[in-house]
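Engineer: structure here, sequence nowhere to be found:
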C-alpha cells in the first residue's frame, strides 16, 4: 500500500548551536562583514534590520505566495546595507556552521528508511532546497526528496504543503506519516487533515543577551555542565584575550592553581599554540606563601588579616591555642600572640625549613625570572607575599579577573580599584559562588613536600566528593565551549570587540538573575575560604529577612529572590536602599576604613 513518511528538518533532525534561530544574524554581524548604509549601525543592529526585512518581505508577498525565500528578504535588506549579496552568502555559511544533528531523531528516521524508501523532508523555511541538501549531507541524513516552502510557495502552517505532497505522490492525506517539533504546523494542522502526525521534541529557544550569550550548551539537563558552557567558558575566553593583549614575552606567565585552570586552558588554546609565551600552571595557595612571607619579612602581620578567635588562629598554623587565650579575640591579644610565636623554637625551625623549600619550588615552577602572575584576584595578597619572598630577585606583575585596591603592579580585567563599580557589584555580591565556579576540581593545597627531588602536594580534606564532581562537570562544560568556539572562530573569524561587549550581560544573566534549578543545584554546596582552607562558606543561605541578613548573605541576589516572594514592598525598599551598586561600594569602603582604624589601634 502506497504511503510516504515525512520529517520536518529544523529542531527535528538538526538544530542550531545557538539559543534562537535569529541569533544567526547576530553571528553574521560579529564577523564584521556587514557594510551599513546611512550610518544605520549607530541606531540598529544587523539582527534588527534582518528581522524587519523578513517581516516586510512577508507583508509584500503575502498575496502572491504563502512563504518567501532568502533572496526576497535580501532584496529588502539591500536598502539598508551596501553588500547584500556578500552578507547573504555569509548568513548561509554561518547557518551551515552552527547546525548539528539530533542523533536520537535521526535514528528513528534511519529505522523507517530500512523498511520504506518513500521518505521526504518537509520544511517551512526561507533557505533554498540546495542549501537544505547540504545540511542533510553534512549531518549524514540520507534523504533526497525535499519539499521546502521557499520554493513551492506553500506551507505546513496552512496545511497546503501537505496537500501538495499528497497530490505530487498520488496519495490520500491519510497515507502521510509526519514527524516534527512544531505543535501547530507539525502536529495540530496535519492531524486535523487526517494525516498521522507524531510530535517529536520541543524547541528550547530563548532570547539571547549579547553575542557570546547566543551560544547554547548541547547539554541542557545538567546544570553544572550548562553553567560551565554558557558562563564560565565564555568568561575564561574573554579574560584570556585580555591576558594576551597585555602579555609580555619577556615575562614568565604563571597561572595560579586552583583558580586559573580555565584561564590557562583558554589562553593556550586561543593564543599560545605556537608556545611563544613561556607559561606555567603552578599550585599555589595563601597557606603556601603566607607563612614563608613571615619568615622572609620577620613580621607576623600577614597572620592578622582577618577577625577571628585565638582558637581558630592557632589551628590555622598547626599549633595548640594556649589555655588563657581560648575564646579570646586575636586583635585584642596581638602582641601576646606575637611573643608566643617568637619564643616557639620548633615552630620557627619548621617555618624556616618550609619557607626555603617553598621558595625553591616556586623557582622551578615559573618564578625564576620576571613574572606575570594570573589569578582570580580581589586584593592580590598572594602577589604581595611573593614580592616579599623574592624581594628584588624578580619583578612580579599581577593580572586578575578583578582587583579591589589601587596598585600599578596589579591589573584587573572586570574591575580595577573597584572600577567598573557595576561589574564589581555583580561579582562581589556573590563572591563565594563566583570563586566556586572557577575553582579547579581539586582540594585545597595545604603543603608541599619534597621527596627524592620530586615535589608532592598535600591537600586539605575540606570538601565532599559531590562538590568536586560538580566542578568536574563545570570544567567539562567550559572546556567544551572553548573548543567549540575556537573551531567556529577559525572558520568565521569573529571580531573580538563583539565578544567584549558580552561581559556585562553575561555577568548579569548568571549572577544577578536567580533561577530555581540553580538554587536546587547549589543549595547544599560550600566553598573553602580563609587561610589554610579553614573556613567553609555556604554558597546559598541567609539568616533572616533583615539588613544584617542581607549583609551576611553569601549571594545577595538570592536573598532578594526569596525576599520578593515574602514581601514585594520590602523587596522594593531593599532594592532602593541596599541592593544596588551605590550602597554596596559605600559599605565595602566603610569596612575597609574600619580595618585600617583597627590596624592603627592594635598595631
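Structural biologist: Perfect, thanks for sending it. Predicted, not measured: the structure shown is a model, and the values here were computed from it.

Engineer: quick one: low-confidence parts of the protein?
Structural biologist: Applying pLDDT under 70 to the chain flags the ranges 1, 305-306, 528-536, 598-600, 602-603.

Engineer: longest single helix anywhere in it?
Structural biologist: helix 465-492 (DSSP state H).

Engineer: counting by contacts, list what it packs against.
Structural biologist: If you count contacts as 3 or more Cβ pairs under 8 Å, 6 or more residues apart in numbering; DSSP states H and E, helix 465-492 packs onto helix 84-98, helix 223-227, helix 233-246, helix 261-271. (Glycine included, C-beta is placed from N, CA and C.)

Engineer: save the ones you listed as a markdown table, and put in distance to residue 554 and mean neighbour count too.
Structural biologist: Converted to a markdown table, the helices and strands packed on helix 465-492 look like this (distance: least, Cβ to Cβ, whole Å; neighbours: other Cβ atoms under 10 Å):
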| stretch | distance to residue 554 | mean neighbour count |
| --- | --- | --- |
| helix 84-98 | 37 | 18 |
| helix 223-227 | 17 | 21 |
| helix 233-246 | 20 | 22 |
| helix 261-271 | 22 | 22 |
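
Engineer: how near is the residue nearest to residue 476 when sequence neighbours are not counted to residue 521?
Structural biologist: Distances taken as Cβ to Cβ, 6 or more residues apart in numbering place residue 225 nearest to residue 476, at 6.0 Å, with adjacent residues excluded. Going from residue 225 to residue 521 by Cβ to Cβ, to the nearest Å gives 11 Å.

Engineer: go on, residue 139?
Structural biologist: Residue 139 is 32 Å from residue 521, where distance means Cβ to Cβ.

Engineer: name the residue in the two with the higher neighbour count.
Structural biologist: More crowded of residue 139 and residue 521, by other Cβ atoms under 10 Å: residue 521, with 19 against 16.

Engineer: now do the buried residues in the helix or strand hosting that one.
Structural biologist: Using DSSP states H and E, the element containing residue 521 is helix 516-522. Residues 518, 521, 522 are the ones in helix 516-522 that count as buried (16 or more other Cβ atoms under 10 Å).

Engineer: next one: stretch 460-476
Structural biologist: For stretch 460-476, the buried set under the neighbour-count rule, 16+ other Cβ under 10 Å, comprises 460, 462, 463, 467, 470, 471, 472, 473, 474, 475, 476.

Engineer: surely the first one is in contact with residue 443?
Structural biologist: The one in question is residue 460. Yes - between residue 460 and residue 443 there is a contact under Cβ atoms under 8 Å: 5.8 Å.

Engineer: domain-wise, how is this protein divided?
Structural biologist: Listed domain ranges for the chain are 4-199, 213-459, 505-602 (source: automatic domain parsing).

Engineer: first-to-last residue distance for the longest one?
Structural biologist: With Cα to Cα, to the nearest Å as the measure, domain 213-459 spans 36 Å from end to end.

Engineer: now swap in the first one and tell me
Structural biologist: According to Cα to Cα, domain 4-199 extends 17 Å from its N-terminal end residue to its C-terminal end residue.

Engineer: distance from the chain centre to it, please.
Structural biologist: 30 Å (Cα atoms, centre = their mean, to the nearest Å).

Engineer: and for residue 460 and residue 443, which residues touch both?
Structural biologist: Common neighbours of residue 460 and residue 443, counting by Cβ atoms under 8 Å, 6 or more residues apart in numbering, are absent.

Engineer: buried ones in stretch 182-199?
Structural biologist: For stretch 182-199, the neighbour count (16+ other Cβ under 10 Å) marks 182, 185, 186, 187, 189, 190, 193, 195, 196, 197, 199 as buried.

Engineer: quick one: the buried residues of stretch 460-476 as TSV, columns for distance to residue 124 too.
Structural biologist: Compiled in TSV, these are given as follows (distance: Cβ to Cβ, whole Å):
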residue	distance to residue 124
460	58
462	55
463	51
467	47
470	41
471	43
472	41
473	37
474	38
475	40
476	36
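
Engineer: of the residues you listed, closest to residue 420?
Structural biologist: Proximity of these to residue 420 (Cβ to Cβ) peaks at residue 474, which lies at 25.4 Å.

Engineer: list the contacts of residue 61.
Structural biologist: By Cβ under 8 Å, 6+ apart, the contact list for residue 61 reads 68, 72.

Engineer: sorry, back to before: could you say which one of the domains of the chain comes nearest to residue 207?
Structural biologist: Set against residue 207 and scored by Cβ to Cβ, the domains of the chain come closest in domain 4-199, at 6.5 Å.

Engineer: so which strand or helix has residue 179?
Structural biologist: If you go by DSSP H and E, residue 179 is part of strand 176-180.

Engineer: assess the claim that residue 566 and residue 544 are in contact.
Structural biologist: No - between residue 566 and residue 544 there is no contact under Cβ under 8 Å: 10.7 Å.

Engineer: doesn't residue 351 lie inside a helix?
Structural biologist: Yes - counting by DSSP: H, G, I helix; E, B strand; the rest coil, residue 351 is found in a helix.

Engineer: that one touches residue 297, doesn't it?
Structural biologist: No - assessed by Cβ under 8 Å, residue 351 is found out of contact with residue 297, at 11.8 Å.

Engineer: what about those two, which has more around it?
Structural biologist: More neighbours surround residue 351 than the other of residue 351 and residue 297, with 17 against 14 (other Cβ under 10 Å).

Engineer: how about that one: what's its closest non-neighbour residue?
Structural biologist: Residue 351 sits nearest to residue 295 (Cβ to Cβ, 6+ apart), 5.1 Å away.

Engineer: and for residue 127?
Structural biologist: Closest residue in space to residue 127, ignoring its immediate chain neighbours: residue 70 at 5.9 Å, by Cβ to Cβ, 6+ apart.

Engineer: can you add distance to residue 497 and give the domains of the chain back as TSV?
Structural biologist: Below are the domains of the chain laid out as TSV (distance: least, Cβ to Cβ, whole Å):
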stretch	distance to residue 497
domain 4-199	9
domain 213-459	11
domain 505-602	15
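
Engineer: out of these, which gets nearest to residue 485?
Structural biologist: If you check each of the domains of the chain against residue 485 by Cβ to Cβ, domain 213-459 wins as the nearest, at 6.4 Å.

Engineer: test my guess that residue 151 contacts residue 128.
Structural biologist: Yes - Residue 151 lies in contact with residue 128 (Cβ under 8 Å); the separation is 6.6 Å.

Engineer: mind checking how far the nearest residue to residue 488 once chain neighbours are set aside is from residue 210?
Structural biologist: Nearest non-adjacent residue to residue 488, counting by Cβ to Cβ, 6+ apart: residue 97, 6.0 Å away. Applying Cβ to Cβ, the value for residue 97 to residue 210 is 19 Å.
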